[in-house]
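Asks: Dropping the sequence and predicted coords here.
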Amino acid sequence: MSYVVYLAAAILGMAAILLFRRPRQALTNPLTASTCVSILIGACCFSAAAPATLATVNRMTGIANFGAPMTYSLISAYSCSLFILLIYWRGGPVVTLRRTALAFIGVYGLLIAAIITLFTVGDAHVERLRDLDTYYANTPYIREMIVLYLLGHLVCCLVICGVCLLWTRQLRQETASPAAAAGAGPGAPAASKGDRLLRAGLWLIVIGLGMDMSGFVLAKIIAVTARWYGRDLDFLSTTVAPPLASVGAVICSLGFVLPRIVPAVGAQWRSLRHYRRLAPLWKVLRHVPTAFVSPSTWYRLPQSRLRMREMAIHDALLVLTPHLDERTGSGVLRRALAAGCDPTAARAKAEASMVVEAARQLAGGAADSLTEPGTYELRTSKDASRGLLRLAQELNTPGTVTGVDPLAAPTHGTRNGS
């Protein structure tokens, strides 16, 4: 059992670390902060519930079963954090959100205080690491403590599942409404994708909490109730509940994290693709001396690496601007247009040839005798990242239908007539 709950705690901890990778931004965003707190509390719940942890806590405090109220309090705090997370996720006026969150904190704070009080006045002197719920099911005060934490978590599961189901229904109706279809504009595909991710996250939350509710809460309630009537169904509490609760918590946390992680991962993946597609252009320009010195980027995320590469390429193109030979570009442009290329692609081919020729001259020292700097400005590079990608694409396809090879553009010498 310890291995199962420790694994669930580790997975939840990793999810929290992914969301909390930028602490300053996370702390200023209530949704990110509440998500991280909820997942971390869930990880603490599973760590505390492991028999090995319970034995260690009991031994360190010198109080038999001290780990029980600690774990039950963490479970109640986890229920409260799920409520707060859902509140901030749905959004609304800041004052209302804060007031509602404080109300839930007050309610579950009282529940935790009641759990601790009942354990203090009850008699649980026999250490039970796996079956405390059923072993003390008929013990005064300890019995009430067990019922309270189970009911607190059951209410949490029921309410959040109901809210999530209503939310998915609302999203489906908004998507299917004629007004939404009529008002769909250029941003409609992205919004639709975001809605699909949100609905998927909500369904994962419902499935996860459903497993938690049926596999953990109801299993324990049935086992405890059976003890009240003299029956022994302890296996539901000791064998069935822990693994189902672990899987349910992981699925539930994935539901909260998925709508936020997937767009970020997608953005990083797109940045990595763009970074690699710029490699041919960077290969031509990396030896051009510039004022900007690109730092080491191997340990950075793709978005940061892409930004650094684009800055280095733009600086190199600025250095090459005085050395661009329009005669080279004009010849390539005419041949590309004659071959049937559209004007945009033909312009990209021409400018790619000019860049390669200028880089060759600068590397060979021929540009040192330049007396008439060129005034041509690359139109492609003005189109931000898209223009750089177009230049890199032309450099990456030397064999074209026009028979023009930008990497083998003819050399006309420098503009001083040499």
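Replies: Good, I have the coordinates.
Asks: So which elements touch the host helix or strand of residue 270?
Replies: With elements taken from DSSP states H and E, the one containing residue 270 is helix 241-277. Other helices and strands packing on helix 241-277, by 3 or more C-beta pairs under 8 Å, 6 or more residues apart in numbering; DSSP states H and E, are helix 2-19, helix 30-49, helix 67-90, helix 188-212, helix 218-228, helix 302-320, helix 384-396. All C-beta spots, glycine's among them, are computed from the backbone N, C-alpha and C.
Asks: Run the chain-centre distance for the shortest one.
Replies: Translated: helix 218-228. Centroid displacement of helix 218-228 relative to its chain, using C-alpha atoms, centre = their mean, to the nearest Å, is 39 Å.
Asks: Tell me the helix or strand right after that helix.
Replies: In the C-terminal direction, the helix or strand that comes right after helix 218-228 (DSSP H and E) is helix 234-235.
Asks: Looking at that next one now, give me its mean pLDDT.
Replies: Confidence for helix 234-235, expressed as mean pLDDT, is 94.
Asks: What is that helix packed up against?
Replies: helix 218-228.
Asks: what mean pLDDT would you report for the helix it packs on?
Replies: On average, helix 218-228 scores 95.
Asks: How about stretch 275-294?
Replies: 82.
Asks: Which residues belonging to it are considered buried?
Replies: 275, 277-278, 280-282, 284-285, 288, 290 (16 or more other C-beta atoms under 10 Å).
Asks: Dump the residues you listed to JSON lines, plus distance to residue 377.
Replies: Converted to JSON lines, the buried residues of stretch 275-294 look like this (distance: C-beta to C-beta, whole Å):
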{"residue": "275", "distance to residue 377": "25"}
{"residue": "277", "distance to residue 377": "23"}
{"residue": "278", "distance to residue 377": "20"}
{"residue": "280", "distance to residue 377": "22"}
{"residue": "281", "distance to residue 377": "17"}
{"residue": "282", "distance to residue 377": "21"}
{"residue": "284", "distance to residue 377": "18"}
{"residue": "285", "distance to residue 377": "16"}
{"residue": "288", "distance to residue 377": "17"}
{"residue": "290", "distance to residue 377": "17"}
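Asks: out of these, what pair is the most spread apart?
Replies: Put simply, by C-beta to C-beta the two of the buried residues of stretch 275-294 set farthest apart are 277 and 290, 21.1 Å from each other.
Asks: Mind splitting the protein into its structural domains?
Replies: Following automatic domain parsing, one gets these domains for the chain: 2-176+192-267, 302-408.
Asks: I'd like these as CSV, with mean neighbour count appended.
Replies: CSV is the format used below for the domains of the chain (neighbours: other C-beta atoms under 10 Å):
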stretch, mean neighbour count
domain 2-176+192-267, 18
domain 302-408, 18
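Asks: Return the member of those domains having the minimum mean pLDDT.
Replies: domain 302-408 (a mean of 75).
Asks: Residue 331 is nearest to which of the helices and strands packed on helix 241-277?
Replies: helix 384-396 (15.0 Å).
Asks: What is that closest one packed up against?
Replies: The contact analysis (3+ C-beta pairs under 8 Å, 6+ apart) places helix 384-396 against helix 241-277, helix 279-285, helix 302-320, helix 343-364.
Asks: between the third one and helix 343-364, what angle do the directions make?
Replies: Just to be clear, that refers to helix 302-320. With axes from the mean of the first three to the mean of the last three C-alpha atoms, to 10 degrees as the basis, helix 302-320 and helix 343-364 are set at 70 degrees to each other.
Asks: Also the first one?
Replies: Interaxial angle of helix 241-277 relative to helix 343-364 (the same axes, to 10 degrees): 70 degrees.
Asks: and the direction of the one helix or strand residue 58 maps to versus that of helix 241-277, what angle?
Replies: Using DSSP H and E, residue 58 maps to helix 51-61. Put simply, helix 51-61 runs at 110 degrees to helix 241-277, going by the same axes, to 10 degrees.
Asks: For helix 51-61, list the C-alpha coordinates in PDB.
Replies: Taking C-alpha atoms only, helix 51-61 is exported to PDB below (Å, rounded to 0.1, in the frame of the first residue of the first chain):
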ATOM      1  CA  PRO A  51       1.500   3.000   6.800                       C
ATOM      2  CA  ALA A  52       5.200   3.700   6.800                       C
ATOM      3  CA  THR A  53       4.600   7.500   7.300                       C
ATOM      4  CA  LEU A  54       1.900   6.800  10.000                       C
ATOM      5  CA  ALA A  55       4.300   4.600  11.900                       C
ATOM      6  CA  THR A  56       7.000   7.200  11.700                       C
ATOM      7  CA  VAL A  57       4.700  10.100  12.900                       C
ATOM      8  CA  ASN A  58       3.300   8.000  15.700                       C
ATOM      9  CA  ARG A  59       6.800   7.100  16.900                       C
ATOM     10  CA  MET A  60       8.100  10.700  16.600                       C
ATOM     11  CA  THR A  61       5.200  12.200  18.500                       C
END
